[in-house]
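Chemist: Give me the fold of what follows.
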Amino acid sequence: MPGVSVLLVPTLGPFHILHPRYNGVTVLELTRLYQPETLYLASYSPQELGAQRWRDQNELSFFHVLPWAERVGLAVVALDEAEDLRRQALEFRQALEQYPRGQEFLRRAAPLEEALQRLLTEPMTPERLAQKGTIEALQAYHQGYVRLFGDGPATGFRSLRMRKVAERLSSPGRAVVLVDVLDYPLLIEALPEGSYRLPQAHAPTEFERWRSLLDRAWRLSESDDWGLLLEGLQAVKEPEALYCAAQIYLAAGQPEDALVLLEELLHTDFHHPAYLPGYALARYGQLADALGQRERALRAYQAVLGLSWAPAEAREIALAGQRTPFRLGSA
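Modeler: Alright, predicted model coming up:
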């Protein structure tokens, strides 16, 4: 790959929400600051990209990176053309679960999954993902599966797929490659040494700090300082902050205040991130129901179902709300 300068940026799917220093917007900022000429997706096929299936995979960073790429006219190219091989991995696991011998193999694989869970839930930063210890831990996960099952359906044919992805990386200039964290060490192995770069430490931007605050609010718990969270959300200049604040008021037993915030939200341009319209309208419907405003609730539920895409949870809320009026305490 002479003349190619490639930055590999691993993505953590839904795990980004756990990491203030490596959240979905961190991936965007690493990409933006590198000023690529092309954005590659190593772990998705062209068909999956075209159908935007990443949304249902809860690929949190894509909700930020891909709209930005579209706004600035950056070419996005999906490289993994072996979607069927990944599907075989899912079918293989489902088959194992049906038989005692297969279940025994899955029990033997459980320590590998536990080690991976620990790795992905420990504080993560860009520089940590570039460290030898992190990469070796991810490699050890794959090696454990190969020892148990061989390199095939059980591993999702990841090594083969990443070798093919490496062959397709032929950009003539600067490029960023977003790669699933499990594919990440295998792509490193498949690329020629010196042909890529790994993430480096950088000072979090204001947008990253906003994202970390929003992520904390999405994971609201009783141990959080709710007043401090609300104060922080007031400084976030994003419609999503209104939704998160409404969630806090609802959790505090103040549905009227929550509804006021959602009404304010609905009068903004709240299409970004793409999951926000579905969740906001579904929650608005529930609050309207809880406060005896059935007609408004039904309109909100219908609006959810009329969206071109909404998270499955939001659609389920809307369908349930159409059947039976929501009551506080029934969630």
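Chemist: And residue 135, how far from residue 165?
Modeler: Distance from residue 135 to residue 165, counting by C-beta to C-beta, to the nearest Å: 17 Å. In short, each C-beta sits where N, CA and C put it, glycine included.
Chemist: Which of these two has more residues huddled nearby?
Modeler: Each of residue 135 and residue 165 has its neighbours counted (other C-beta atoms under 10 Å); residue 165 has more, 25 against 17.
Chemist: how about the helix or strand the more buried one falls within: buried residues?
Modeler: When elements are assigned from DSSP states H and E, residue 165 belongs to helix 158-168. Neighbour counts over helix 158-168 (16 or more other C-beta atoms under 10 Å) mark 158, 159, 160, 161, 162, 164, 165, 166 as buried.
Chemist: got it, and stretch 73-82?
Modeler: For stretch 73-82, a neighbour-count test (16+ other C-beta under 10 Å) marks 74, 76, 77, 78, 79, 80, 82 as buried.
Chemist: quick revisit: any idea which of the buried residues of helix 158-168 is the one closest to residue 238?
Modeler: Nearest to residue 238, judged by C-beta to C-beta, of those is residue 165 at 33.6 Å.
Chemist: Quickly note the distance from the nearest residue to residue 163 once chain neighbours are set aside to residue 43.
Modeler: Using C-beta to C-beta, 6 or more residues apart in numbering and skipping residues adjacent in sequence, the residue nearest residue 163 is residue 190, 4.6 Å away. Noted for residue 190: a distance of 13 Å to residue 43, by C-beta to C-beta.
Chemist: So between those two, which is more surrounded?
Modeler: Per other C-beta under 10 Å, whichever of residue 190 and residue 43 has more neighbours is residue 43, with 29 against 19.
Chemist: pLDDT at the more buried one, what is it?
Modeler: The per-residue pLDDT reported for residue 43 equals 96.
Chemist: check contacts around the nearest residue to it once chain neighbours are set aside.
Modeler: Distance criterion C-beta to C-beta, 6+ apart; nearest residue to residue 43, sequence neighbours excluded, is residue 180 at 3.8 Å. Neighbour list for residue 180: 10, 11, 13, 42, 43 [criterion: C-beta atoms under 8 Å, 6 or more residues apart in numbering].
Chemist: if I read this right, the third one contacts residue 59, doesn't it?
Modeler: Put plainly, it is residue 13. Yes. Counting by C-beta atoms under 8 Å, residue 13 touches residue 59, with 5.6 Å between them.
Chemist: Of those two, which one has the most company?
Modeler: Shown here are residue 13 and residue 59; by other C-beta under 10 Å, residue 59 has more neighbours (25 against 19).
Chemist: Can you get me a residue count around the closest residue to residue 250 other than its chain neighbours?
Modeler: Nearest residue to residue 250 in three dimensions, chain neighbours excluded: residue 258, at 4.2 Å (C-beta to C-beta, 6+ apart). Neighbour count of residue 258, defined by other C-beta under 10 Å: 25.
Chemist: hang on, residue 258 packs against residue 242?
Modeler: No. If you go by C-beta under 8 Å, residue 258 and residue 242 don't touch, sitting 10.0 Å apart.
Chemist: how far away is residue 36 from residue 27?
Modeler: Plainly put, residue 36 is 13 Å away from residue 27 if you go by C-beta to C-beta.
Chemist: Of the two, which one has the most company?
Modeler: Set residue 36 next to residue 27 and count neighbours by other C-beta under 10 Å: residue 27 wins out with 26 against 22.
Chemist: who's in contact with the helix or strand where that one lies?
Modeler: Per DSSP H and E, residue 27 falls inside helix 24-34. With contact meaning C-beta under 8 Å, 6+ apart, helix 24-34 is reached by 7, 9, 11, 16-17, 19, 39, 60-65, 68-69, 126, 174, 176, 178, 199, 202, 204-205, 207-208, 210-211.
Chemist: just stretch 237-244 next, same as before
Modeler: Residues from elsewhere that reach stretch 237-244 (C-beta under 8 Å, 6+ apart): 210, 214, 217-218, 229, 233-234, 261-262, 264-265, 268-270, 272-273, 276, 279-280, 283.
Chemist: Would you mind listing which of those are buried?
Modeler: 210, 214, 217, 229, 233, 261-262, 265, 270, 273, 276, 279-280, 283.
Chemist: Out of those, flag the one nearest to residue 143.
Modeler: Nearest member of the buried ones among the contacts of stretch 237-244 to residue 143, counting by C-beta to C-beta, is residue 273, at 35.9 Å.
Chemist: Now do the contacts for that closest one.
Modeler: So residue 273 contacts 63, 64, 240 (C-beta under 8 Å, 6+ apart).
Chemist: Identify the residues contacting residue 17.
Modeler: Contact analysis of residue 17 by C-beta under 8 Å, 6+ apart lists 23, 24, 60, 215, 218, 219.
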